[in-house]
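# Sequence first, then the predicted structure:
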Amino acid sequence: MKMIMAVIRPERFEKVMEELEREGFIALTASEVKGRGEQKGIKLQFRGGTMEVDLLDKVKIEIVAEDEEVERVIEIITSSARTGKIGDGKIFVIPVEMSVRIRKGKMSA
Amino acid sequence: MKMIMAVIRPERFEKVMEELEREGFIALTASEVKGRGEQKGIKLQFRGGTMEVDLLDKVKIEIVAEDEEVERVIEIITSSARTGKIGDGKIFVIPVEMSVRIRKGKMSA
Amino acid sequence: MKMIMAVIRPERFEKVMEELEREGFIALTASEVKGRGEQKGIKLQFRGGTMEVDLLDKVKIEIVAEDEEVERVIEIITSSARTGKIGDGKIFVIPVEMSVRIRKGKMSA
Amino acid sequence: MGVESGDTAWLLISTAMVLLMTPGVGLFYGGMVRKKNAVSTISLSFLALAIVSVQWVLVGYSLAFGSDVNGIIGNLDFVGLSEIGLEELGTIPHLVFVAFQLTFAAITLAILVSGVAERVKLSSFIVLGLLWTTLVYDPLAHWVWGGGWLAELGALDFAGGTVVHISSGFSALAIAFLIGKRRGYGEHSMEPHNIPMTLIGTALLWFGWFGFNAGSALSANGLAANALIVTNTAASAGAIAWLFASWYHGKPSSLGMVSGAIAGLVAITPAAGFVDPLASLAIGAVAGVICYSAMLFRINRGWDESLDAWAVHGIGGLWGAIATGIFAKESVGGYSGLIYGNVNQFVAQIIAAGSAVIYALVMTLIIAKVVDLLFGLRVSEEEEYVGLDISQHGEKAYA
Amino acid sequence: MGVESGDTAWLLISTAMVLLMTPGVGLFYGGMVRKKNAVSTISLSFLALAIVSVQWVLVGYSLAFGSDVNGIIGNLDFVGLSEIGLEELGTIPHLVFVAFQLTFAAITLAILVSGVAERVKLSSFIVLGLLWTTLVYDPLAHWVWGGGWLAELGALDFAGGTVVHISSGFSALAIAFLIGKRRGYGEHSMEPHNIPMTLIGTALLWFGWFGFNAGSALSANGLAANALIVTNTAASAGAIAWLFASWYHGKPSSLGMVSGAIAGLVAITPAAGFVDPLASLAIGAVAGVICYSAMLFRINRGWDESLDAWAVHGIGGLWGAIATGIFAKESVGGYSGLIYGNVNQFVAQIIAAGSAVIYALVMTLIIAKVVDLLFGLRVSEEEEYVGLDISQHGEKAYA
Amino acid sequence: MGVESGDTAWLLISTAMVLLMTPGVGLFYGGMVRKKNAVSTISLSFLALAIVSVQWVLVGYSLAFGSDVNGIIGNLDFVGLSEIGLEELGTIPHLVFVAFQLTFAAITLAILVSGVAERVKLSSFIVLGLLWTTLVYDPLAHWVWGGGWLAELGALDFAGGTVVHISSGFSALAIAFLIGKRRGYGEHSMEPHNIPMTLIGTALLWFGWFGFNAGSALSANGLAANALIVTNTAASAGAIAWLFASWYHGKPSSLGMVSGAIAGLVAITPAAGFVDPLASLAIGAVAGVICYSAMLFRINRGWDESLDAWAVHGIGGLWGAIATGIFAKESVGGYSGLIYGNVNQFVAQIIAAGSAVIYALVMTLIIAKVVDLLFGLRVSEEEEYVGLDISQHGEKAYA
Ligand SMILES: Nc1ncnc2c1ncn2[C@@H]1O[C@H](COP(=O)(O)OP(=O)(O)O)[C@@H](O)[C@H]1O
Ligand SMILES: Nc1ncnc2c1ncn2[C@@H]1O[C@H](COP(=O)(O)OP(=O)(O)O)[C@@H](O)[C@H]1O
Ligand SMILES: Nc1ncnc2c1ncn2[C@@H]1O[C@H](COP(=O)(O)OP(=O)(O)O)[C@@H](O)[C@H]1O
């Protein structure tokens, strides 16, 4: 199992959720985060000078999926979250050793 | 070391914290998240039709513990967070390679 | 690649960000969390008795970096977040198997 | 006696001030519920205002203030207000009196929300609200102010201790029993989601209460001035008393402080035109302590009268009604109370307050039971779990 | 006729009440935008208040209420208010009339923010606002209230249905077309970030509207009382009507309920001194349904008149102007409408409302186009993306 | 001269409006502190209201407005208000004057919170507040308004520039030095946690200030109308001036805009009954720039007078007192200032303002030092770290 952790634009969150659902990836956990990308935020023109906005609102999605599903999940997120502009975000894949459904108390490795 | 990441019902958070403390697992990090389970949220009856509530408020708990403690922590969380109804949540276990206490600057692998 | 997950004092967040940036570690994701340390929060004097404040506001920073950068990132965070008092926080290192830039759709393992 | 522009100006603004109290109650309550019910709780106040406003113009005012029928109810002369026009009533236009009284009827229903908060079905609340204002509020208003049997008895209620606060407070208790506790009540904490919101509500209530009490003089004169200053004094004394009482038991919470202020405001309401400033200090301080005790009692019993309308408005109103019979001073409002040797007034107050308690409890139980049988008062378990904001309104308070 | 202290008291407080409506609009709007534009949206209301206040004292009042020049505009006699001093106007000091009218001019500009919300450049808004209040509001106020050609025509507008609501609502539409949609509009959801904030705004608006409408009687008398109660009734009827209309289509949202209240308030504004309470029930209820439909129409067309000033104020004001011509009753305000057989009034209303619609649309398009060419109305794409709070004010609403 | 209902109506509502300003200050301040101190900051305003209300009824009014004793203080004739009853004072009931003045005393203490925000011990604030209102506010009010030595001197203070603003602003500075900086001040940012809350507070303050200044005419007449419009004009000019001044240095923040509005309101306070609208434009605009500069000065010095009561109220009040001596115009309020050739008035203003500055600084330092020695003014380091909401009230602002 892997955890797919994606940091995306808030305004794309809805679309990502829909696309994931359509392909059967329903379960996920989401949270509001702030992020700074390698581009160091956004440069705003400001009275001759410029101003940098460091931290921008992002949504972090965590999805735990079977190893063989990972690639598909990444594809779905990538295609539905992309705008092609700076700030589209990143996806990281982290190993998960075990998963327990609290309701059933059942473990799966 | 492992990180135990549990997504639970907000109304069970207090009880989970108490039970963990009682057994000596004090340290934890918690955050507010929103989650969609495999059941796709809750179906509400609504004027003849139904409406689905996709994302429900959850609490995410992260606990880094020694390998041998993991099972016990999972047991405690499972027993104190379970209601037996949809939405009880899940626990994932993720490997941790190193831990540093900022105050002391001391690392432990 | 590794994910460095640090839980620090909110009032040190700004300084940590600056120091990281100065050394070229720009990208990061941050979120508001609440934490309980091994000291079980803070004990407040209160009318003869004492009261414990369990959960304190913290900031969680997640940085994905190359293996060889990990040590430097930890050093920077440790030195800029430390006050020497209880509550300074912790840093955990978690393995990351893959990273994808959504904008480019390019993966790197 | 013609229309007096100064009195009219005062009644116009007093009407606006009391009107603002209804959303004020909504904010006061809204801050104390969980985030998932914030929109619902505030909205029920607005809804109370909207439905009572329409009912009042159509029949409510006539039932309460129409010519007396057997001491029980007003007749239908003023239905639709069509007979009123621009005529006067004493030194003010009749219509401003209608509007002023309307705002009292509206806020009374809004207070009741406490008993059903976080679990009531929106549609059923509308039905319940219409029935309650018609069958409980309007008769009580008639009995006390419209020339009904309590007025005959000589009971004093300057600005609505009995009509507004006892009636809503005890009705909230009755309905809380009928609808049942919130799921999880007593098992896990139900922290207030936004205390500053409750404090904003308090500010609007304190402000509006000057119109409520001093406006009830129906004139901009010395009596109104007295009502205003005793109102402020009782509020302050109540706030301080509850603060210290709760400090003694633990931390002095801000919610305790403002609950004490409201308790003081409630208690001074029936007395505002009859007592002097020093008496109001006592009335407010005692209200703070009594209502705090009533709240502890309720919690210990495990009653889920969720936002303490009973402890604060019900018990505070009861104490205020009795206190009026104790502290009334002839030089202020023409009546004497117990401390000036007048036992009769004291007895009249107790009879009136007791009657209101019984009437409110019984009628509310009947109405609520009927609505429950016909439509169901309460949302389903799942709807309660996701919260009324989503399940009843399809909204989230905060994005 | 000397200064009457009661009338003066009423106008002083009415002025304060209407003043409070301007930040009220800010909160009403502010709750409906995204978090990143909350400070900007509320601030634009304050800014509207500040710049109109200065403009009004310097030239605005004189343009609107100075001696008539050809039915088109006032002369410059009152520039700087220096000639006014402490003299009276009817039964009130002239200066309180100036201040009362000032608050109307201020809120009208604040309503306009709807059309440019979440994308306007702060500096350009200031220029636009100054031009708009001078070239659109002041002439319209003069035409209707200052002795201009619409007053001559016999058109009735008790408290500003045409001057305030039609003008701001249709101008918001015009400017929304000119500035263009918010980026992402129609593609992803733009949920309101804080509904309780919108409800607080509504509370202040409802409260203030009593000063707006009943204050427009310029006297604390029966006419003011009538205006007050019809105002409240129309608001309530509008809230209920929109609630049920939207319930029929889906969930009864709280935002719908309060939008309906505002729609009712808007519609009764021109009629408040001319119709009786039962007519106000009808006016308010119809307003709720019509404005709701207008909103659906706008959304279906994909128009991004973002906070529905057009649907609520524009269409609500239009309906109110016409309704005045239908329901006016001689015994209330001295004029008869269509249902009492007076076709002329009905026609006058339509001409006045239609003229205001056209004038507002055309002039606003011209002004906005000029400002856009000179300074650019809109922020850059990146500024819009990070939000106006950071890009225009360097602030974040919530830490 | 009997009671005049119009004047009474105006004073009743003015009292309510100024009352609302005290929680208004709480919200204004509350939005600017960190989340962990939000409840504490707002609560201190309510607490100021409660304790001053009780103190005022018991002794405060008598000390300030009792018969003069050597130009220094009032005698004890009005202790407990028991001698006042329903008698009149000029054209209004004496009790409404008592209540009106009470609200001034309350807000003055609330302004002081700026100097101790986010670090004061709740219990010590109560003691400090009681001492401060008794030993600083009451005497100053007596000197200026109660027939004391500054009144004798001929110093003008229409609505409290000296008594309210200079006194609270400079006292806040004194106490800020004594209590010390917030931990971490200057090291890490202490961002305002909720700017919309500050904007709501501003709305209530702007609204209430009409009662504050125009109510101080003690009559609903032309003078009140003048006070009202100059108040609004100065507020607007102040907002615009600060906005542009800060724009010049960086971004035009909303907090700057509203701070400018408050600065304008403060500065016009002593002058409201003496200057005309054009003068108020100048007074407000200059206030915006001066107070902004004072704030920059304070920050550069590293002074942690945390919420700028000194920069805005202290310096704004000082400027207002002097400006009254410059711009007073005989046709408005019967007095002439420097620009009309009257140097005496100008000098009197400077003496009065200077005396108030010195008295407030010295007495506050003494009182605060005593309280600090006896009880400790400041919470412990750990309590400050977790925040006053939890440590002093056992509450969290937001769940
Ligand atoms: N190395 C990283 N570690 C943690 N978070 C990251 C990292 N790189 C990017 N992010 C997250 O992704 C977000 C988008 O990154 P950005 O570089 O702006 O995207 P892109 O390069 O695709 O335009 C950032 O705001 C941050 O939250
Ligand atoms: N595969 C997953 N990946 C990430 N989060 C998950 C996953 N499965 C469940 N969750 C989290 O757990 C929560 C509860 O899941 P749910 O399926 O409703 O629980 P249960 O099945 O135990 O009733 C979800 O809301 C989501 O936040
Ligand atoms: N084992 C752990 N698992 C998860 N989070 C932890 C753990 N230990 C510490 N933390 C986080 O770090 C924060 C600071 O920990 P604390 O023990 O107070 O720091 P320190 O010991 O350095 O003073 C806690 O509030 C918690 O959020």
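Arrived safely. Ligands and ions are numbered 1, 2, ... in the order given.

# So which other helices or strands are in contact with whichever strand or helix holds D:Leu130?
Assigned by DSSP states H and E, D:Leu130 falls within helix D:122-132. Where contact means 3 or more C-beta pairs under 8 Å, 6 or more residues apart in numbering or on different chains; DSSP states H and E, helix D:122-132 is packed against helix D:38-55, helix D:94-112, helix D:343-375. Heads up, the C-betas are built off the backbone N, CA and C, glycines and all.

# Please dump those into JSON lines; it should also carry mean pLDDT, distance to chain C and mean neighbour count for every row.
Output for the helices and strands packed on helix D:122-132, formatted as JSON lines (pLDDT from 0 to 100; distance: least, C-beta to the nearest C-beta, whole Å; neighbours: other C-beta atoms under 10 Å in any protein chain shown):
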{"stretch": "helix D:38-55", "mean pLDDT": "98", "distance to chain C": "20", "mean neighbour count": "28"}
{"stretch": "helix D:94-112", "mean pLDDT": "98", "distance to chain C": "33", "mean neighbour count": "27"}
{"stretch": "helix D:343-375", "mean pLDDT": "98", "distance to chain C": "37", "mean neighbour count": "18"}
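
# centre of the chain versus stretch D:345-352, how much separation?
Relative to its chain's centre, stretch D:345-352 lies at 20 Å (C-alpha atoms, centre = their mean, to the nearest Å).

# re the thing from before, would you mind reformatting the helices and strands packed on helix D:122-132 (as TSV) and adding columns for distance to F:Ala328 while you're at it?
Shown next, in TSV, are the helices and strands packed on helix D:122-132 (distance: least, C-beta to C-beta, whole Å):
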stretch	distance to F:Ala328
helix D:38-55	46
helix D:94-112	40
helix D:343-375	54
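
# So which bits of chain A are right by chain B?
Residues of chain A found near chain B, taking C-beta under 8 Å from any C-beta of the partner chain as the criterion, are A:1, A:3, A:17, A:21, A:26-31, A:64, A:94-103, A:105, A:107.

# Point out the residues in chain A that sit beside ligand 1.
Contact residues, chain A versus ligand 1 (C-beta under 6 Å from any ligand atom): A:7, A:35-39, A:56, A:58, A:86-90.

# just to revisit the earlier point, quick one, which of the helices and strands packed on helix D:122-132 gets closest to E:Gly201.
Ranking those by their distance to E:Gly201 (criterion: C-beta to C-beta) puts helix D:38-55 first, at 11.9 Å.

# Give me the mean pLDDT for the next helix or strand after that closest one.
Next helix or strand after helix D:38-55 toward the C-terminus (DSSP H and E): helix D:61-65. Averaged over helix D:61-65, pLDDT sits at 98.

# May I ask you to confirm that A:Ala6 is in contact with A:Ile77?
Yes: the pair A:Ala6 / A:Ile77 is scored as a contact, 5.0 Å apart, by C-beta atoms under 8 Å.

# intersection of neighbour lists for the two?
A:16, A:61, A:91, C:102 (C-beta atoms under 8 Å, 6 or more residues apart in numbering or on different chains).

# can you redo the residues of chain A next to ligand 1 as JSON lines with pLDDT, secondary structure and distance to ligand 2?
Below are those laid out as JSON lines (pLDDT from 0 to 100; DSSP: H, G, I helix; E, B strand; the rest coil; distance: C-beta to the nearest ligand atom, whole Å):
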{"residue": "A:Val7", "pLDDT": "97", "secondary structure": "strand", "distance to ligand 2": "15"}
{"residue": "A:Gly35", "pLDDT": "93", "secondary structure": "strand", "distance to ligand 2": "20"}
{"residue": "A:Arg36", "pLDDT": "91", "secondary structure": "strand", "distance to ligand 2": "25"}
{"residue": "A:Gly37", "pLDDT": "85", "secondary structure": "coil", "distance to ligand 2": "24"}
{"residue": "A:Glu38", "pLDDT": "75", "secondary structure": "coil", "distance to ligand 2": "27"}
{"residue": "A:Gln39", "pLDDT": "69", "secondary structure": "coil", "distance to ligand 2": "29"}
{"residue": "A:Leu56", "pLDDT": "87", "secondary structure": "strand", "distance to ligand 2": "24"}
{"residue": "A:Lys58", "pLDDT": "94", "secondary structure": "strand", "distance to ligand 2": "17"}
{"residue": "A:Ile86", "pLDDT": "82", "secondary structure": "coil", "distance to ligand 2": "28"}
{"residue": "A:Gly87", "pLDDT": "85", "secondary structure": "coil", "distance to ligand 2": "24"}
{"residue": "A:Asp88", "pLDDT": "92", "secondary structure": "coil", "distance to ligand 2": "22"}
{"residue": "A:Gly89", "pLDDT": "93", "secondary structure": "coil", "distance to ligand 2": "18"}
{"residue": "A:Lys90", "pLDDT": "95", "secondary structure": "strand", "distance to ligand 2": "18"}
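
# Which helix or which strand is home to A:Met5?
Per DSSP H and E: A:Met5 is located in strand A:2-8.

# Name the surrounding residues that touch that strand.
For strand A:2-8, the external contacting residues (C-beta under 8 Å, 6+ apart) are A:16, A:33, A:35, A:58-67, A:70, A:73-74, A:77, A:81, A:88-96, B:92, B:94, C:29, C:97, C:102.

# Please point out which parts of it sit buried.
A:2-8 (16 or more other C-beta atoms under 10 Å in any protein chain shown).

# Quick one: residues contacting D:Ala368.
D:128, D:174-175, D:178-179, D:377.

# Would you point out which residue of chain D is nearest chain B?
D:His188 (4.4 Å; C-beta to the nearest C-beta).

# next one: phi and psi at the closest residue in space to that residue that isn't next to it in sequence?
Counting by C-beta to C-beta, 6 or more residues apart in numbering or on different chains, B:Glu11 is the residue found nearest to D:His188 once chain neighbours are left out, at 4.4 Å. Here is the backbone geometry of B:Glu11 (degrees, to the nearest 10): phi -70, psi -10.

# Tell me the spacing between B:Glu11 and chain E.
From B:Glu11 across to chain E, the span is 22 Å (C-beta to the nearest C-beta, to the nearest Å).

# who touches the helix or strand that the helix holding D:Leu130 is followed by?
Per DSSP H and E, the first helix or strand lying C-terminal to helix D:122-132 is helix D:138-145. The contact list for helix D:138-145 (C-beta under 8 Å, 6+ apart) reads D:59-60, D:63-65, D:68, D:71-74, D:101, D:104-105, D:148-151, D:155, D:157, D:162-163, D:167, D:352, D:355-356, D:359-360.
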